[in-house]
Each structure stands twice: as C-alpha cells, then as structure tokens.
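Student: Show me how the following folds:
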Amino acid sequence: MKLNKKSFATSLVCASLLFGHGMVFAEDEVPAAPSEVPSETPATSPSTQEQVKLEGIEVSESELLLKPNESQKIKIYAHYSDGEVKEITNNKDIVVKISSTSVVSATKNLIRAGKKTGKATVTFIYKGKSATVNVVVSKVTVQSLEVSATTLSLGKGQTKDVTLTATMSDGSSKDVTNLATWMTSDATVADVDAGSVEGVGEGVAEVTARYGGESVTITVEVSENVAELEGIEASDKNLKLEVGEEDEIKIWAVYSDGNKEEITDDIVWQPKHRSIADVVDGVIVANKPGKTSIEATYKGKSVKLSVEVVQPKVTKLEANVKKVTLAQDGTKQVMLTAILSNGKKVDVTKDAEWSVKRDTVAEVEAGLIKAIGAGTTTIVAKYEGKVVQIVVTVK
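Tutor: Numbering: from 1, shown residues only. Next up, the predicted model:
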C-alpha cells in the first residue's frame, strides 16, 4: 500500500490512530452510499467550489495481520481534485462493510479480530468512493521485519526496488513486500509504492514499512546529479572449490562518484559449463572436477569469475579394527573409510591398496584377511597418500 503524498506524509506518520462513528454493516446489508453533503466539501473560493471533487478515499492500513481478539486503530482520508487530503475518520457518513463478521468486527474506532482464525475484508464507503482493508486473523504472528537495503542513494527520477521479509513466530519467513504499508516522511524527496522507492527531489527522507505490528525504516538520500555506472566488481574472481562445495559471491556496482552499491540480487548470471559449476542467486555450486567460468552482467557491465572444481582431499584413513586375532584358516573382513576435506566419509575398502608384511602368517585382498600360519604380522592399507596399519595374530 502507498500512503503519504505531499504534506500528508508527515501527518500520517506522526498522528494518533482513530476512526469514527460511521455505520457498520455485514456484506449483504450495505445500503446505498449517501449523497454528498455540502458541509463536507473542502473550503474553496466561490469560483472554484463546484470544480473540487472527491477523487477517492484511503485507509492508513491496507493489510492487517492480527491475533485472535487483537485490535488495530486506523485512519481514513479523502483525496480531492484540488490536491487536498482531508482526514474523515470520524465522519458520520462513512459506511463499513465487513465480509465475515465472525472473523472481524469494525466498531468503536478500530478493527478487531474475533476469537476464530480466518480472513476477511473491511471496506469503508464514503460518498460513492471506497477503500478496503484485507485482514488475516492468525495465531502465527510477526516476530521481526528485515528489508533488503536500509539506506538508498538515488538520483532524481531514479527508482530502486527493495524487498521486505517477515520472520514469523513459528520460525518461518515470507516476502511481505506487497502486503506491508509503506510510508514516506517527505514525498517531495522520496516516494514509495509496494517497496519501489523513487527519488523525487534533492534531500533526505525516511521510508517506513509496517506489517503485523512491526516496522522497519530506510534512509533515502536523493541527489540532483545521478552518478554514472562505471563498472561492477565481485567479492572473489578466482574460485577453487571441491566437488559439492558452495561459495557465496557478492557483486557491487561502482559509480563515478566513488560510491558502491551491492547488486547481487539484480545480476544476470551466465555459467559456461553448468555441469562443472552452476550459480543460484549468487551462490556458486561445484558439481564435478574441471575448470570453467561464470559471467555476471548488470546494465551492460560485466565481470567474469574463474572457477576450478577439484575432488575433495583425503585427510584421514580409518580401519574399523586396529588388531585382529584369528585361528588358522580363519578370515576377517576389514572396512576402510576415507575422511574427506569436506567432512564426508567414504568407504574405500575395495579401492585401497592392501599388502601384508609376512605372507606366511596371513594374506589380504580387498580388506579380507585370511590366516595362513601361526605368528604375527602387519596388514597395510594405502589410499590417496594415507596409510593405516592393522596388527594380525594367528594362533
């Protein structure tokens, strides 16, 4: 939702939230909208009075997430053709239309959730114009809000989209950019609509997003002259990864005024060999051994990343036994495990090189030890430069 145009901006942010004594109806009981009352027409000179018309009405909240029995105060504003914005919250001619009175009610200057969970709409009607608030009643509430950028530098006419994410009480998260109420402290400096922030005039303004009782603020600085994009740079241009490993890359835009802006989410990625290495939202994923490149492009500027993918190294070799005692002609299968640099464990029993120091005592093949004659010997297993020894005693 988009609020706070022109001088209306600051008053909406600072004003207390109340709304009035209008009539409340269930959805199937709504009467015809009342005719315009001359006394409610904004004061104008006699020469312009007939030309000023009501263009629409607006509610301070377009989306509400409430817990059962929770309430939220709101304000209602009328927009006129001469640019005037007038609060009409307490106007007696406002009619309230509720889609489900078992979910919400709208009385005594607020919207109140009922005991049950569900969804409903509350529509406010004034002189033929209407505005609707979508209400969700849920036991899952908003714990915190996070915005993709807390500061923005824009030129006049430049637009930047930001994303608003809500962390819920059940641990889940969701994109609420289009559900939140967005406000600007000064619409002559910066305007906002559903997360899209536009530079209007030189200065500094604060853009606030509000959802589910939580809010977050973005500081927006607007300058007269827009800096030119000179190029883009990556946090790492030469990557060496092991198979299965991931590495997150950040990309920044470099401007002529010396400023940098992270643009990872806006990058177009072009992997040369996806079978070797792929990329998802700036995360490089190593698939198989080999060398390749990944190109990142933004507004005609690009940077190339070199990627080498290698097999994980064996850091340790382990046998499931250190000592074996056998009777003559007895056998014992030994399992050999390689511990890799990526933390994984791999059975390499059949791939290892096996040998025995005294073949008159025992013999070994693929980890299977067979007793030959009485005595003691040592079985040696080698794999990728690592060695493990097993003492074998034959009685």
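
Student: Any chance of the backbone angles for Asp266?
Tutor: Asp266 adopts backbone torsions of phi -100, psi 0, taken as degrees, to the nearest 10.

Student: What is the neighbour count of it?
Tutor: By other CB atoms under 10 Å, the residues close to Asp266 number 13. Glycine gets a C-beta too; all of them are placed from N, C-alpha and C.

Student: let's have the chain start at 57 instead
Tutor: Sure thing, new numbering starts at 57, so read that last one as Asp322.

Student: partner residues bridging the residue nearest to it when sequence neighbours are not counted?
Tutor: Here the nearest residue to Asp322 in space, its sequence neighbours aside, is Tyr354; by CB to CB, 6 or more residues apart in numbering that works out to 6.0 Å. Using DSSP bridges, the bridge partners assigned to Tyr354 are Lys357.

Student: Okay, Gly287 and Ala352: tell me how far apart.
Tutor: Between Gly287 and Ala352 the distance is 11 Å, computed by CB to CB, to the nearest Å.

Student: follow-up on the earlier one: correct me, but the residue nearest to Asp322 touches Thr320?
Tutor: No - the pair Tyr354 and Thr320 fails to qualify as a contact (CB atoms under 8 Å) at a distance of 9.5 Å.

Student: Mind listing the shared neighbours of these two?
Tutor: The overlap between the contact sets of Tyr354 and Thr320 (CB atoms under 8 Å, 6 or more residues apart in numbering) consists of Ile307.

Student: re the thing from before, please enumerate the shared neighbours of Gly287 and Ala352.
Tutor: Val359.

Student: Among those two, which residue is more densely surrounded?
Tutor: Ala352 (23 against 13).

Student: residues making contact with the helix or strand harbouring that one?
Tutor: Taking DSSP states H and E as the criterion, Ala352 maps to strand 346-354. The list of residues contacting strand 346-354 from outside it, by CB under 8 Å, 6+ apart, reads 285, 288, 290, 305, 307, 309, 319, 322-329, 331-333, 335, 340, 358-365.

Student: Quick check: beta-bridge partners of the closest residue to Trp410 other than its chain neighbours?
Tutor: Excluding the flanking residues, the one nearest Trp410 by CB to CB, 6+ apart is Val420, at 4.7 Å. Judged by DSSP bridges, the bridge partners of Val420 are Ile425.

Student: Please report how far Val420 lies from Thr221.
Tutor: Separation of Val420 from Thr221 (CB to CB): 58 Å.

Student: Same drill for those two, tell me which one is more crowded.
Tutor: With neighbours defined as other CB under 10 Å, Val420 and Thr221 compare such that Val420 has more, 20 against 15.

Student: Run a quick check on the residue nearest to Trp410 versus Ile435, I expect a contact.
Tutor: Yes - between Val420 and Ile435 a contact is recorded at 5.2 Å, counting by CB under 8 Å.

Student: joint contacts of the two?
Tutor: Overlap between the contact sets of Val420 and Ile435, as judged by CB under 8 Å, 6+ apart, is given by 410-412.

Student: Just the buried ones from those?
Tutor: When neighbours are counted using 16 or more other CB atoms under 10 Å, those contain these buried positions: 410, 412.

Student: residues near the residue nearest to Asp322, how many?
Tutor: Counted with other CB under 10 Å, the burial measure for Tyr354 works out to 18 neighbours.

Student: pLDDT score for it?
Tutor: What the model reports as pLDDT for Tyr354 is 95.

Student: Also Val448?
Tutor: Predicted confidence (pLDDT) for Val448: 96.

Student: element containing it?
Tutor: strand 442-450.

Student: Now that strand: buried residues?
Tutor: Buried residues in strand 442-450, counted by 16+ other CB under 10 Å: 442, 444, 446, 448, 450.

Student: just stretch 128-147 next, same as before
Tutor: Of the residues in stretch 128-147, those buried under the neighbour-count criterion (16+ other CB under 10 Å) are 128, 130-136, 141-145, 147.

Student: Can you flag which of the residues you listed belong to strands?
Tutor: Cross-referencing these with the strands (criterion: DSSP state E) gives 128, 132-136, 141-143 as the overlap.

Student: any chance of those in a markdown table, plus pLDDT and distance to Gly346?
Tutor: Below are these laid out as a markdown table (pLDDT from 0 to 100; distance: CB to CB, whole Å):
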| residue | pLDDT | distance to Gly346 |
| --- | --- | --- |
| Gln128 | 88 | 57 |
| Ile132 | 91 | 63 |
| Tyr133 | 91 | 62 |
| Ala134 | 91 | 66 |
| His135 | 92 | 61 |
| Tyr136 | 91 | 67 |
| Val141 | 88 | 62 |
| Lys142 | 91 | 68 |
| Glu143 | 91 | 66 |
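
Student: Alright, calling it a day.
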